[in-house]
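Participant: turn this into a structure:
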Amino acid sequence: MSANTLFEHFSSIDDPRQQGKVQHPLFDILFLTISAVIAGCQGWEEIEDFAHDKLSWLRKFIALSNGVPRHDTIARVISRIDMTQFQACFSQWMQSCSELTDGSVVAIDGKRLKGSFKQPDRKDAIHIVSAFACENGVTLGQCKTDSKSNEITAIPELLQLLELKGCLVTIDAMGCQKEIAKQIIEKEADYLLALKANQGNLFEQVKQLLQPEISRQIATDS
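Facilitator: Residues are numbered from 1 along each chain as shown. So this is what the prediction gives:
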């Protein structure tokens with residue numbers, strides 16, 4: 001991982017703190033957090049422990065001139081930055097790390113995060129729509145859907161973040177929408193969308209088009 005590459009992509013994130021009170025530069029905290037999460041850390045205390053364990057390695061890339069930030073400081077800073085900015089920067093960084101060639105498959109799918117629901121009623125789980133570069137094995141970007149939304153509104157936001165020229169974008173039946181298909185074409189990519197009976201007219205048209213060939217193949221095989 002190149003610190004210069006990370007800095008190029010994340011330096012545009014606004015620091016929400018009063019600069020006169022800043023002890024740890026924003027990029028130091030971002031670099032530490034990203035490195036720790038990539039290493040498998042879960043939770044703020046584990047990120048702080050990672051920093052103490054890997055302090056010599058971290059100082060090859062960032063100064064940490066005031067030592068390791070406490071876990072509550074890391075949590076407070078990360079929680080206050082603009083997540084829209086962070087998401088855009090992260091997506092651009094991942095795409096720069098993953099060279100997509102013509103024909104690469106980018107799979108877009110939505111999942112609920114394990115354990116993200118509210119404990120009393122087990123509702124309001126966080127739902128994330130992700131774009132996964134199949135050949136590279138990395139997630140290029142993510143969008144969270146809120147309680148009043150769903151994948152249909154999150155997918156266009158995610159597509160807007162991605163460089164998809166020459167790729168094949170696959171989405172399940174939730175993404176089988178005219179505007180989504182149009183947006184993919186405008187990105188100079190191809191699409192493969194699942195089709196179900198909820199798209200009544202289109203489903204019947206495709207069924208009528210393919211039924212003779214399906215019948216022919218069945219008769220030939222038998």
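
Participant: residue boundaries of the strands in this protein?
Facilitator: Counting by DSSP state E, the chain has strands at residues 105-112, 127-133, 138-145, 168-171, 190-193.

Participant: let's have the ones you listed in TSV, adding distance to Gln42, mean neighbour count and mean pLDDT.
Facilitator: C-betas here are computed from N, CA, C, even on glycine. Formatted as TSV, the strands of the chain follow (distance: least, Cβ to Cβ, whole Å; neighbours: other Cβ atoms under 10 Å; pLDDT from 0 to 100):
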stretch	distance to Gln42	mean neighbour count	mean pLDDT
strand 105-112	17	18	88
strand 127-133	16	20	86
strand 138-145	17	20	80
strand 168-171	29	22	95
strand 190-193	34	17	95
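
Participant: reformat those strands as TSV; add distance to Ser91.
Facilitator: As requested, the strands of the chain are arranged in TSV below (distance: least, Cβ to Cβ, whole Å):
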stretch	distance to Ser91
strand 105-112	12
strand 127-133	8
strand 138-145	4
strand 168-171	15
strand 190-193	19
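
Participant: out of those, which gets nearest to Val68?
Facilitator: The closest of the strands of the chain to Val68 is strand 138-145. By Cβ to Cβ, the value is 27.9 Å.

Participant: which other helices and strands does the closest one contact?
Facilitator: The elements that strand 138-145 packs onto, with contact taken as 3 or more Cβ pairs under 8 Å, 6 or more residues apart in numbering; DSSP states H and E, are helix 83-97, strand 127-133, helix 151-161.

Participant: need the contact partners of it.
Facilitator: If you take Cβ atoms under 8 Å, 6 or more residues apart in numbering as the criterion, strand 138-145 is touched by 87, 90-91, 94-95, 97-98, 106, 110, 126-133, 151, 153-155, 157-158, 161-162.
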